[in-house]
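Undergrad: Model the following, please.
(4 chains)
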Protein chains: 2
Amino acid sequence: MTALAARADARPSARKRAGNGATRRIDADEIGLDALVGHAGYAVRRFQIWIFQDFVKTLGNVDIRPTQYSVLTVIGANPGLSQMAVAKRLGIERARLVHLLDSLEQRKLVKRVKSKTDRRSHALHLTAQGETALAKFKRLAAEHERHVEDRIGKENRERLLRILADFT
Amino acid sequence: MTALAARADARPSARKRAGNGATRRIDADEIGLDALVGHAGYAVRRFQIWIFQDFVKTLGNVDIRPTQYSVLTVIGANPGLSQMAVAKRLGIERARLVHLLDSLEQRKLVKRVKSKTDRRSHALHLTAQGETALAKFKRLAAEHERHVEDRIGKENRERLLRILADFT
DNA sequence: GGAAGTTTGTTGTTGACGACAACAATCGTC
DNA sequence: GACGATTGTTGTCGTCAACAACAAACTTCC
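TA: Next comes the predicted model:
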């Protein structure tokens, strides 16, 4: 399992103590992860970083980040929700949602409508502009999802979704 | 797919516009995620948050966070590595690793030894105290891993590790 | 009907984290 | 020996989770 070959032409590498005080070049893939390989959290974290970066890059032109996309999608599918409801459903803190909505409202994608039945809360809606924008975001997000398929395989992606289904 | 049942006794809920201006209580699980359900990134993010929180809670008494654990584990398995090598292997920025090591060094778990062959770099080692501490951390991390098993199932956890193996 | 407790949105702070940029010291190479 | 690259460091910026506190509005209970 452990790579032992020392490539003389390797560029990015570290130094390793030999028996004496000297060091020799070692490649990153020679470095053992030890207990880390058995930890799901580590693999998930690395994967999450990858997937996040691809999402941001794929939706870079429209300047939409994953959290913003999730908020827009939920509001689009459930118009009139309160901020609390959205926050609870997406596992976002309501304090954090305030800023997210401030930004989305400034961009004219979302509007906060005063609820008539509960004067504390806001009913969240997409603007007309928000509707058409979200449609575009969804197309780009689908493209991102194809990148995921390309990276881990179609079946593995579906397996993953099944395994993690009840975290959504 | 959309839950329509309205439970009268539901506590945490939002309000939904009826045909008129009125609202009715709806439960969080009534809120559709729409396109989000098909996105691996969303499921992974939620799972990552869960797993992260469980790790932090399980290793709470020893005050070790996932990133710190990964750094200690890699140094423990590969004594003498440079900061660059560790950063590259774990996908951490070397700027960030500086602070991580500052903290771990203050806690006497890690020591930076001046390299004799490259006076720019530090050879990273665990202290004796760090060795015994890491052994304890590993036991707790294994306990955390059992929580993951309990949550998603033994086979699913293994499937997950296989699917994401090349992100580590 | 009114007091007491709760919920909603908001503001603010803290700390972990990823991403960048700049810098001095040092190394490698030509 | 000069020039470019690498290493550790410092600093800034923006995202994000986690809390705490607050006013306004709602609910509950007496």
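
Undergrad: name the element A:Glu155 belongs to?
TA: For A:Glu155, the element it lies in under DSSP states H and E is helix A:154-163.

Undergrad: Now do that helix: distance to the chain's middle.
TA: Distance of helix A:154-163 from its chain centroid, counting by Cα atoms, centre = their mean, to the nearest Å, is 16 Å.

Undergrad: Then stretch A:76-90?
TA: Centroid displacement of stretch A:76-90 relative to its chain, using Cα atoms, centre = their mean, is 19 Å.

Undergrad: what about that stretch, near DNA strand C?
TA: Yes: contact of stretch A:76-90 with DNA strand C (Cβ under 7 Å from any atom of the strand) involves A:Ser82, A:Gln83, A:Met84, A:Ala87. Heads up, the C-betas are built off the backbone N, CA and C, glycines and all.

Undergrad: do that stretch and DNA strand D meet?
TA: No: Stretch A:76-90 stays clear of DNA strand D (Cβ under 7 Å from any atom of the strand), getting no nearer than 8.8 Å.

Undergrad: Ends of that stretch, what's the gap?
TA: From its first residue to its last, stretch A:76-90 covers 14 Å (Cα to Cα, to the nearest Å).

Undergrad: And the residue positioned nearest the centre of chain A, what's its pLDDT?
TA: Nearest to the geometric centre of chain A sits A:Phe52, at 3.7 Å (Cα atoms, centre = their mean). A:Phe52 carries a pLDDT score of 93 in this model.

Undergrad: what's the domain layout of chain A?
TA: Domain assignment for chain A by automatic domain parsing gives A:1-32, A:39-167.

Undergrad: Determine the longest helix present in chain A.
TA: Assignment by DSSP state H gives helix A:128-152 as the longest helix of chain A.

Undergrad: which helices and strands sit right next to that helix?
TA: helix A:40-58, helix A:66-77, helix A:154-163, helix B:40-58 (3 or more Cβ pairs under 8 Å, 6 or more residues apart in numbering or on different chains; DSSP states H and E).

Undergrad: Of the ones you listed, which is nearest A:Glu105?
TA: Closest of those to A:Glu105 is helix A:66-77, at 11.1 Å (criterion: Cβ to Cβ).

Undergrad: nearest to DNA strand D, of the residues of stretch A:76-90 next to DNA strand C?
TA: Checking the residues of stretch A:76-90 next to DNA strand C against DNA strand D with Cβ to the nearest atom of the strand, the nearest one is A:Ala87 at 9.8 Å.

Undergrad: Tell me if I'm right that that closest one and A:Val98 touch.
TA: No: at 9.3 Å, A:Ala87 does not count as touching A:Val98 under the criterion of Cβ atoms under 8 Å.

Undergrad: higher neighbour count, these two?
TA: Comparing A:Ala87 with A:Val98 by other Cβ atoms under 10 Å in any protein chain shown, the one with more neighbours is A:Ala87, at 22 against 12.

Undergrad: Check that one and give its pLDDT.
TA: Predicted confidence (pLDDT) for A:Ala87: 95.

Undergrad: Then A:Phe167?
TA: The predicted local confidence for A:Phe167 is 88.
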